[in-house]
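**Student:** show me how the following folds:
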Amino acid sequence: MIPAVRRTGLLCALTATAALLPAAPAPAAPPPPALHFGACPDSVPTPPAPERVECGRLSVPLDRSHPDGQHLDIAVSRVRASGPASERRGVLLVNPGGPGGSGLPYAVTKRAKLPEQVRRSYDVIGFDPRGTGASAPADCGPMGGLFDSPGQDPVPTGRAAEQKYLDGLRRTADDCAQHVKDALPHLSTTETARDMDAIREALGERRIGYLGVSYGSYLGAAYAAQFPQRVGRMVLDSVVGPEEWYDFDLLQSRAMVRQRAVFFAWAARHEKRFGLGADGTAVRTAYQRVRDGLAERPVDGFGAAEFDRAVYRALGRTERWAGLADGLRTYLRDGTTGPLRPAEPFDGPASRAYEAANRTVKCADGPAPSPARVVADIRRMRRLDPQPVLTGMEASVCAYWHHRPAHSTPLGSPDAPPVLLIASEHDPVTPIEGARALQRRLPGSRLVSLHDDYSHGVFASRGNGCVDGAAAAYLTDGTVPRADVHCTGPGLPTP
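**Tutor:** The predicted structure is shown next:
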């Protein structure tokens, strides 16, 4: 032990020495994550010369509460702005929707449709969200028989069928838990928004521009909730409302019933072209004959589930209506299903990855319904219409999910700058009510409505000058409309 006098002298000496030493430097900020660009995989198309697409991978933690733990790679693509540096506005991240959609090719495919002044102003950045495409894609194995051909009828009638339907949901949840394993809680929209911010940081940008379509709007709203100060100019097109996913799926199913009635009346107006009946009731009868026939006797694996998927897809875009009507007519004439079948097989690798990611993300994003509520809502839908289209009810599987999120996904923020929302008046996939609800969570934002339009996906998609002009001015000049914008749509198509 040091004697008391010596301890005091030593303490004074140490104190004096410390006063003479320079202060220790503050810990250096961690370097931004590395993102190096090079060649792209074959899934990414080549843009026309002289433009060039390049791809890279960004390593991010699977679980950000354990940053030194398991990592996954986020696949990123970039097409640089075509204008001079004086016109550059930064980066525009783009997302095509889902959840489950691959965004890596979108930097090329969506950019090609953007107004020229937007292409000149922004580096367009595509990326595969975690769990999709080339970013550690989710795998749920057989998904409870989802890919069986023919599949289980998605509209159960009677207690035995309802129990079989619930059993299928349970098996799907079990398959996802078995295959996705520890990643199950982390393939969420909240985590994908954090990955977006990691991309921003790796690119050296203070803020990001963003264009999200369909689910991409939900992802953008989640980014705005977490990082409002890092939002540049944000366009949310075909907006998913701020409901829980299961509630959103119900709203969409009701909208599909309304849209299908419009389709029936439209096909009747063109009876000479399609031959399905002279009024909506007659066309509906023809439609039901097709579905009943396929449910009773599937054609080469194409039954009720496959038919409903074809209807669900067609109702979302009016340019597909003629193909649906032709498919109904063809089956009634000769019993074949060629025009109704998808271009790509439902059980192919891309589809399997999409369906797995879709359920995994939806169930990671918030509360789940109970099995009893799922059955009650199916019965309620059948009272609304005896033959509803329930293909989009993906979040029903969350009733049996093995991970239960602690809270809902935060969406929107009063601290974000004004956002531009875009919606089609009669879009059945993302009903316009959702855009109005999200607008209330983004004060100062504006809604651009395309009236007399029935399709999903509007900006740089419908060819509407009013919509595209408002969005382009906002993205390039920062022009926020003084009030909501109302544009005139094309109405229903002439086949």
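
**Student:** use CA for all of it now, contacts and neighbours both
**Tutor:** OK.

**Student:** who's in contact with residue 56?
**Tutor:** Residue 56 makes contact with 35-40, 75-77 under the criterion C-alpha atoms under 8 Å, 6 or more residues apart in numbering.

**Student:** next step: the residues you listed restricted to helices.
**Tutor:** The helices, defined by DSSP state H, take in nothing from those.

**Student:** please name the bridge partners of the closest residue to residue 486 other than its chain neighbours.
**Tutor:** Excluding its sequence neighbours, the residue lying closest to residue 486 (C-alpha to C-alpha, 6 or more residues apart in numbering) is residue 449, at 5.1 Å. Residue 449 has these beta-bridge partners by DSSP bridges: residue 423, residue 486.

**Student:** over to residue 95?
**Tutor:** Under the criterion used (DSSP bridges), residue 95 bridges to residue 212.

**Student:** for residue 5, report the pLDDT, please.
**Tutor:** Per-residue pLDDT puts residue 5 at 36.

**Student:** after the helix or strand of the chain with the lowest mean pLDDT, heading C-terminal, what element do we hit next?
**Tutor:** When each helix and strand of the chain is scored by mean pLDDT, DSSP states H and E, helix 4-20 comes last, with a mean of 36. On the C-terminal side of helix 4-20, the closest following helix or strand by DSSP states H and E is strand 53-61.

**Student:** alpha carbons only: can I get that next one in CSV?
**Tutor:** In CSV, the C-alpha atoms belonging to strand 53-61 read as follows (Å, rounded to 0.1, in the frame of the first residue of the first chain):
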residue,chain,number,x,y,z
VAL,A,53,-27.3,0.2,-65.3
GLU,A,54,-24.9,-1.0,-62.6
CYS,A,55,-25.5,-3.2,-59.6
GLY,A,56,-24.0,-3.8,-56.2
ARG,A,57,-24.6,-5.4,-52.8
LEU,A,58,-24.9,-3.8,-49.4
SER,A,59,-24.4,-5.8,-46.2
VAL,A,60,-26.9,-5.0,-43.4
PRO,A,61,-27.6,-6.7,-40.1
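
**Student:** circling back to that earlier point, so which of the contacts of residue 56 comes closest to residue 402?
**Tutor:** residue 75 (27.7 Å; C-alpha to C-alpha).

**Student:** residue contacts, the closest residue to that closest one other than its chain neighbours?
**Tutor:** Nearest residue to residue 75 in three dimensions, chain neighbours excluded: residue 57, at 4.7 Å (C-alpha to C-alpha, 6+ apart). Residues in contact with residue 57 (C-alpha under 8 Å, 6+ apart) are 35-37, 73-76.

**Student:** which of the residues you listed are buried?
**Tutor:** Buried members of the contacts of residue 57, counted by 16 or more other C-alpha atoms under 10 Å: 35, 73-76.

**Student:** give me the subset of those residues lying in strands.
**Tutor:** Those of the buried ones among the contacts of residue 57 mapping onto strands are 73-76, per DSSP state E.

**Student:** okay, these in TSV with pLDDT next?
**Tutor:** TSV is the format used below for those (pLDDT from 0 to 100):
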residue	pLDDT
73	97
74	98
75	98
76	98
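
**Student:** distance to residue 246 added to these, as JSON lines?
**Tutor:** Formatted as JSON lines, these follow (distance: C-alpha to C-alpha, whole Å):
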{"residue": "73", "distance to residue 246": "29"}
{"residue": "74", "distance to residue 246": "27"}
{"residue": "75", "distance to residue 246": "29"}
{"residue": "76", "distance to residue 246": "30"}
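
**Student:** among these, which pair sits farthest apart?
**Tutor:** For those, the maximum inter-member distance is 9.3 Å, found between 73 and 76 (C-alpha to C-alpha).
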